[in-house]
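Trainee: I'd like to go over a predicted model; first the sequence, then the structure.
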Amino acid sequence: MSALKIHQFACRSDNFGVLIHDEASGLTASIDAPEAAAVQQALKQTGWRLTYILTTHHHGDHVDGNLELKSATGASIIGPRGEAAKIPGIDTLVGGGETVAFGSLQASVLDTPGHTLGHISYWFEDATVAFVGDTLFSLGCGRVIEGDPQMMWASLRTLMQLPAETSFHCGHEYTEANARFALGIEPGNSALQTRAAEVSALRAAGKPTLPSTIGAELAANPFLRPQSPEIRQRLGLVDKPDWQVFAEIRDRKNKS
């Protein structure tokens, strides 16, 4: 049984912050650092002391708190080798295929580019949890900003191959808007209908819609379902490769 404790909290306008804590060693990491004050408040609430910041990518709403938190706590910042020059205070550079030791646990680093060129995700296999930044959202995925659709689809495929029971945390609370869009792409999907109703109830109660699981997203998230006959027929892309169907879904979401 994993000794990893996870504390998720809202920050900025729609970001999620996440603290993880290894009970065996007492080590604590912040997944990204969207906002220093919010992370410090979460540390105060949990009573944990920050030792690491695990960065997924260089965007400001994921690294803005780096230097203030590093100064206040002495935390070491770990992040993607491909974006090192853009990540304030970075100490340790990592990339896909490498591991990050975290007390009694270790995280596998997964290359998940597309949203940014050097984006990485952290998979704690023994804890059955992944931290995916802005690559995958519940019922959605990140915008393809620096990469291209084929690159982003390959990154999503990497995450889709994690065990179905894997829980994942991402950077934003976008699920309700994603659900509305998804129902226009695959309205006949009963798993999506159920998830959309659940999301509406959670948001109405002021509760977060995350984390989700890889298995739940494979069943309901249209960005992970380009093989769906309903989606292909609705988009007029019956004979196209999966990445091209994905690209059309992403383009439509950009315009929605």
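Mentor: Arrived safely. Residues are numbered from 1 along each chain as shown.
Trainee: what helix or strand is residue 38 on?
Mentor: Using DSSP states H and E, residue 38 sits in helix 36-46.
Trainee: What residues sit buried inside that helix?
Mentor: 36, 38-40, 42-43 (16 or more other CB atoms under 10 Å). (C-beta placed from N, C-alpha, C; glycine too.)
Trainee: which among the residues you listed gets closest to residue 203?
Mentor: residue 38 (20.0 Å; CB to CB).
Trainee: per-residue confidence at the spatially closest residue to the closest one that is not a sequence neighbour?
Mentor: Leaving aside its sequence neighbours, residue 38 sits nearest to residue 11 (CB to CB, 6 or more residues apart in numbering; 3.6 Å). We have a pLDDT of 93 for residue 11.
Trainee: Run through the stretch 1-150 of the chain and note the low-pLDDT ranges.
Mentor: 1-2 (pLDDT under 70).
Trainee: ok, back up a step: and the residue nearest to residue 38, how far is that from residue 33?
Mentor: 10 Å (CB to CB, to the nearest Å).
Trainee: Quickly list what's touching both of the two.
Mentor: Residues touching both residue 11 and residue 33 (CB atoms under 8 Å, 6 or more residues apart in numbering): 17, 39.
Trainee: rewinding a little: what packs against the helix holding residue 38?
Mentor: Counting contacts by 3 or more CB pairs under 8 Å, 6 or more residues apart in numbering; DSSP states H and E, helix 36-46 is packed against strand 4-11, strand 15-22, strand 28-31, helix 66-73.
Trainee: Next, the residues that contact it from outside, please.
Mentor: 7, 9-12, 17, 19, 21, 28, 30, 33, 49-50, 64-65, 68-69, 72-73.
Trainee: Over to stretch 178-198?
Mentor: Here stretch 178-198 has contacts from 137-140, 199-200, 209, 216, 219-222, 225, 228, 230-231, 234-235, 249, 252-253, 256, using CB under 8 Å, 6+ apart.
Trainee: Let's see that with 10 Å instead.
Mentor: 137-141, 172, 174-176, 199-200, 203, 209, 212, 215-223, 225, 228-231, 234-235, 248-249, 252-253, 256 (CB atoms under 10 Å, 6 or more residues apart in numbering).
Trainee: any chance of the helices and strands packed on helix 36-46 in TSV, with mean neighbour count too?
Mentor: Output for the helices and strands packed on helix 36-46, formatted as TSV (neighbours: other CB atoms under 10 Å):
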stretch	mean neighbour count
strand 4-11	16
strand 15-22	22
strand 28-31	26
helix 66-73	18
